[in-house]
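Enquirer: This is the structure alone, sequence omitted:
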């Protein structure tokens, strides 16, 4: 599983491989520990400074995003969130990136068979998409 973010102001894109063997399944606590604190907060903070404005975070309606525990961390870090209407994945830009990525993976030659090959193929295709949108990919 992967987690991704797009910064609309600059086009920067970040992709994180969810390390299920090490992190386990996604729960409210693992989302906070492995995504919100180490990735979202620093990315939001430094990009807010770089752009000179407070950026807003938009997440989908996953239970881990909506939980009070997660909301408390976002409030602690002063990360404003945009409430997104339910059942509207087409309005969420990251969903459009996933729809671009999946066909590229299906057409990937040679087709990845092992987990490590799949992870590498995903990163290659993600970086190719990223280069198409921004020179400042991470």
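Expert: Great, that's in hand. In this text, all values refer to a predicted model and were calculated from it rather than measured experimentally.
Enquirer: ok, the helix or strand harbouring residue 3: who's next to it in the sheet?
Expert: Element membership for residue 3, per DSSP states H and E: strand 2-6. According to DSSP bridges, strand 2-6 forms sheet pairs with strand 13-17 (antiparallel).
Enquirer: Quick one: end-to-end length of stretch 48-64, please.
Expert: The separation between the terminal residues of stretch 48-64, taken as Cα to Cα, to the nearest Å, is 24 Å.
Enquirer: If you count neighbours, what's buried in that stretch?
Expert: Going by neighbour count (16 or more other Cβ atoms under 10 Å), the buried part of stretch 48-64 is 48, 55, 57-59, 64. Placement of C-beta: from N, CA and C, glycine included.
Enquirer: I'd like the average pLDDT over the strand holding residue 3.
Expert: Per-residue pLDDT over strand 2-6 has a mean of 75.
Enquirer: List the contacts of it.
Expert: Here strand 2-6 makes contact (Cβ atoms under 8 Å, 6 or more residues apart in numbering) with 12-18, 35, 39-40, 43, 93-94, 97-98, 122, 126.
Enquirer: Just the buried positions in it, please.
Expert: Going by neighbour count (16+ other Cβ under 10 Å), the buried part of strand 2-6 is 3, 5-6.
Enquirer: Could you dump those into TSV with distance to residue 22 added?
Expert: Formatted as TSV, the buried residues of strand 2-6 follow (distance: Cβ to Cβ, whole Å):
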residue	distance to residue 22
3	14
5	21
6	25
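Enquirer: what's the closest of these to residue 130?
Expert: The shortest approach to residue 130 among these belongs to residue 6, at 9.4 Å (Cβ to Cβ).
Enquirer: Against the centre of the chain, work out the most remote residue.
Expert: residue 110 (26.2 Å; Cα atoms, centre = their mean).
Enquirer: do you know how far it is from residue 117?
Expert: Distance of residue 110 to residue 117, given as Cβ to Cβ, to the nearest Å: 8 Å.
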